[in-house]
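> Give me coordinates for this.
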Amino acid sequence: MTPSPSPIALVTNVTGYAGPPAVAALVAAGFRVLIHDYGFVDASRLASFTEQYPHVEYVPADSPASLIENVWERAGRLDAIVSNDHFPAPQASLADASLTYLRETFEALVAAPYALLQAAAPKLRTQGGGNIVMITSCRTRSPIAGAAVPDAARAAANALVRSLAAELAIDGIAVNAIAPNFLYSEAYYPRAIFLDDDRGREYVDTLVPARRLGKPDEIGELIAFLATTNAKFLTGAIIDFAGGWPTTPARPS
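Got it, this is the predicted structure:
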């Protein structure tokens, strides 16, 4: 009996946010993992990443549409897409947050994943379906002053998930999101501030019921589940990954 070929997954923006744990979990789950990151124009960054994750395959591309074309040319199908979208989110008041920052944030967190899925959907439809996992955020559950730009972009990305799930469900394409907050990543919760510094750890302990940051391998496990499930009836879900936040942590009496 000829063994079944490995399922194929694509992870975008792979060097940051949930990219590394996604790769580790998908490789462990038996996927052939294709990766992309615009930072890989620096060959040393690509070499460093592939040294750490030797089982991945880099697919070069200069746009979301060309990435999908290049993936299909190389692999001929795609069973799972992890759209791992992140962008710097400094606090800035209405007076200080420029329209340029707004547009760049929406381009990275909304327009780019939209373009990726727009290019992928016809091919997924032709092959009979697939799993799409978007990495978004649940930060909008507790808005803060000075965060209008990233909050608006993340809300838009989550809305995108729900609408595209409704549109693509008939084609066997599941579209779900994992929406983290307080996930350890150098992009948003860097080690030096939130793990190695007493004040950072106290900040997390005060706000998060789990009283710690989320671990990369934990989100990796969830990504692998959504990427591998055959339960395509599970679609349009925005899964909070925030240790119970924004509920106030329980304290000993």
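
> so where do the strands sit in the stretch 151-253 of the chain?
173-180, 238-241 (DSSP state E, counting those that start in this stretch).

> Make JSON lines from those strands and add distance to residue 22 to it.
Just so you know, the C-beta spots here come from the backbone N, C-alpha and C atoms, and that holds for glycine as well. Output for the strands of the stretch 151-253 of the chain, formatted as JSON lines (distance: least, CB to CB, whole Å):
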{"stretch": "strand 173-180", "distance to residue 22": "10"}
{"stretch": "strand 238-241", "distance to residue 22": "13"}
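
> Deepest in the core, which of those strands is it.
Among the strands of the stretch 151-253 of the chain, strand 173-180 has the highest mean neighbour count (mean count of other CB atoms under 10 Å), at a mean of 25.

> Please name every helix or strand in contact with that one.
Packing partners of strand 173-180 (3 or more CB pairs under 8 Å, 6 or more residues apart in numbering; DSSP states H and E): helix 112-127, strand 130-135, helix 148-168, helix 216-228, strand 238-241.

> Can you say which of these is nearest to residue 52?
helix 216-228 (12.9 Å; CB to CB).

> Pull up the gap between residue 18 and residue 248, please.
Residue 18 sits 26 Å away from residue 248, taking CB to CB, to the nearest Å as the criterion.

> higher neighbour count, the two?
Taking neighbours as other CB atoms under 10 Å, residue 18 and residue 248 compare with residue 18 leading, 29 against 11.

> now the strands of the stretch 151-253 of the chain in a markdown table, with mean pLDDT?
As requested, the strands of the stretch 151-253 of the chain are exported to a markdown table (pLDDT from 0 to 100):
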| stretch | mean pLDDT |
| --- | --- |
| strand 173-180 | 98 |
| strand 238-241 | 98 |
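
> Nearest to residue 62 among those would be which one?
Short answer: strand 173-180, nearest of those by CB to CB, at 24.9 Å.

> Can you tell me which of the helices and strands packed on strand 173-180 is most buried?
strand 130-135 (a mean of 26).

> Quickly run through the sheet partners of that one, with directions.
Next to strand 130-135 in the sheet, as set by DSSP bridges, lie strand 80-84 (parallel), strand 173-180 (parallel).

> Residue 33: which of the helices and strands packed on strand 173-180 is closest?
Of those, the one closest to residue 33 (CB to CB) turns out to be helix 216-228, at 10.1 Å.
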